[in-house]
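J.: Have a look; sequence and predicted model below, questions after that.
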Amino acid sequence: MDFTDVAVLESPFVRLEPLSETHHDDLVTAVETDELWRTWYTHIPSPATMEKEIKRRVSLHTEGRIVPWAIIDPRTSRAVGMTTYLNLEPANRRLEIGSTWIGSRAQGTGINAAAKMLLLQRAFEELGCIAVEFRAHWHNHQSRHAIERLGAKQDGVLRNHTIFENGTVRDTVVFSIVEAEWPTVKFGLAERLNAYES
């Protein structure tokens, strides 16, 4: 299977659809709560830049560089965020899951864990990956904690890795899950999702 293929992925908790301009209005609504885009240590599109960001991700997919999805809450059928396969390396059988954001109202509902389950399952069981990477800003403790809760292990920190538009410099924390760890990670995610059902 081609790493750049994009398909609808779904479970009782979440549906991942190929990102398109049809998701624009829902995503603007999702990001407006708590003015999520103002978080200084991450890149979340604002209502004003949402259209541009959707077009950017779709264009990069057309170029074969990323695979972008809209995160859909199946209870409302509305888009509540975005997620992406990045740094596609089919020759090395690895990729990164990143550029993910979920609106405040959808956080803590199981949607993120369910989305990661679908993306990891596709990576390891369909694409044959031997490693899946995650990255986060050193100061983004919420994301770092969420990545660790998945069962990913920290590989290291890339110091002075990226200069942000606001002039700050990002230290990037790199995590990964390797092929041998996937069965245990999958079991842990399934147990977390079972807790949301009970």
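T.: Looks like it arrived, so ask away.
J.: Every contact and neighbour count from this point should use C-alpha atoms.
T.: Fine.
J.: how about the helices of this structure, start to end?
T.: 24-32, 50-62, 111-121, 141-150, 182-197 (DSSP state H).
J.: quick check: angle from the fourth one to helix 111-121?
T.: Put simply, helix 141-150 runs at 50 degrees to helix 111-121, going by axes from the mean of the first three to the mean of the last three C-alpha atoms, to 10 degrees.
J.: Now residue 33. Nearest residue, chain neighbours left out?
T.: residue 104 (6.4 Å; C-alpha to C-alpha, 6 or more residues apart in numbering).
J.: Tally up the residues packed near the one you found, please.
T.: By the criterion of other C-alpha atoms under 10 Å, residue 104 has 16 neighbours.
J.: Could you pull up the contacting residues of it?
T.: If a contact means C-alpha atoms under 8 Å, 6 or more residues apart in numbering, then residue 104 has 30-31, 33-34, 36 as its contacts.
J.: Quick check: it vs residue 21, distance?
T.: With distances taken as C-alpha to C-alpha, to the nearest Å, residue 104 is found 21 Å from residue 21.
J.: Equivalent analysis for residue 35, please.
T.: 21 Å.
J.: and if you look at residue 187?
T.: 35 Å.
J.: do the same with residue 102
T.: 17 Å.
J.: Between the two, which is the more surrounded one?
T.: The neighbour count for residue 102 versus residue 21, taken as other C-alpha under 10 Å, is higher for residue 102 (22 against 14).
J.: And the nearest residue to that one once chain neighbours are set aside, what's its pLDDT?
T.: Closest residue in space to residue 102, ignoring its immediate chain neighbours: residue 81 at 4.3 Å, by C-alpha to C-alpha, 6+ apart. Looking at residue 81, its pLDDT is 97.
J.: Confirm for me that residue 81 is in contact with residue 107.
T.: No: contact criterion C-alpha atoms under 8 Å: residue 81 and residue 107 do not qualify, at 10.1 Å.
J.: Which one of the two is surrounded by more residues?
T.: For residue 81 versus residue 107, neighbours defined as other C-alpha under 10 Å are more numerous around residue 81 (28 against 13).
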